[in-house]
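**Student:** what follows is a predicted protein model with its sequence.
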Amino acid sequence: MPTRSARTAWNGTLMDGSGQVELSSSKVGTYEVSFPKRAAEEADGTTSPEELIAAAHSACYAMALSSEIGKAGGTPQALEVSADVTLGQQDGAPTITAIALTVRGEVDGLDADGFAQAAQAAKVGCPVSKALAAVDITLDARLDS
């Protein structure tokens, strides 16, 4: 299995500095980061570790769920997955405190219970979920009619 890489160049202090995150393996882009914008409600054109984790988790979960649906005898037609990663405070330090996965699916061959079971299995089996096991991860999964 491959190793994927990213690189960050940072200049300055935590509060006054900024950086650029480069997605090195895919070469799809370089993105601005800064701590004040990371901790603010509005990102204003910068990304954050939490947004990058959310992207990784939603993509990984979608793949895992597609696999679990197939194992259960269904065929995924469309899956819409979002991940909301919350940065909070714990013991006075910034900490990822929660991740909320939301999935809506159009699936042939599974009823709502079968979809719910596949969704839960994907949450448990997703490699990113496993890596983030120290964080409370919730799941809201529903079949669309």
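**Tutor:** Received it, and whenever you're ready, just let me know what you need. In this text, all values refer to a predicted model and were calculated from it rather than measured experimentally.
**Student:** any weak-confidence spans in this structure?
**Tutor:** Applying pLDDT under 70 to the chain picks out residues 145.
**Student:** name the helices or strands packed onto the lengthiest helix in it?
**Tutor:** In the chain, with assignment by DSSP state H, the single longest helix is helix 49-71. Where contact means 3 or more Cβ pairs under 8 Å, 6 or more residues apart in numbering; DSSP states H and E, helix 49-71 is packed against strand 75-90, strand 93-108, helix 112-125, helix 127-131. The C-beta positions use only the backbone N, C-alpha and C, and glycine is treated the same way.
**Student:** in the second one, what's buried?
**Tutor:** This points to strand 93-108. Neighbour-count burial for strand 93-108 flags Ile96, Ile99, Leu101, Thr102, Val103, Gly105, Val107 (criterion: 16 or more other Cβ atoms under 10 Å).
**Student:** tell me which element Thr8 falls in.
**Tutor:** Using DSSP states H and E, Thr8 sits within strand 7-11.
**Student:** CA-only coordinates of that strand, as CSV, when you get a sec.
**Tutor:** Only the C-alpha atoms of strand 7-11 are listed here, as CSV (Å, rounded to 0.1, in the frame of the first residue of the first chain):
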residue,chain,number,x,y,z
ARG,A,7,4.2,19.3,3.5
THR,A,8,3.8,22.6,5.4
ALA,A,9,6.0,25.6,5.3
TRP,A,10,5.4,27.9,8.3
ASN,A,11,6.7,31.4,9.0
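**Student:** how far off centre is it?
**Tutor:** Its chain's average C-alpha position is 22 Å from that of strand 7-11, according to Cα atoms, centre = their mean, to the nearest Å.
**Student:** quick check, His57 in contact with Ser82.
**Tutor:** No: assessed by Cβ atoms under 8 Å, His57 is found out of contact with Ser82, at 9.5 Å.
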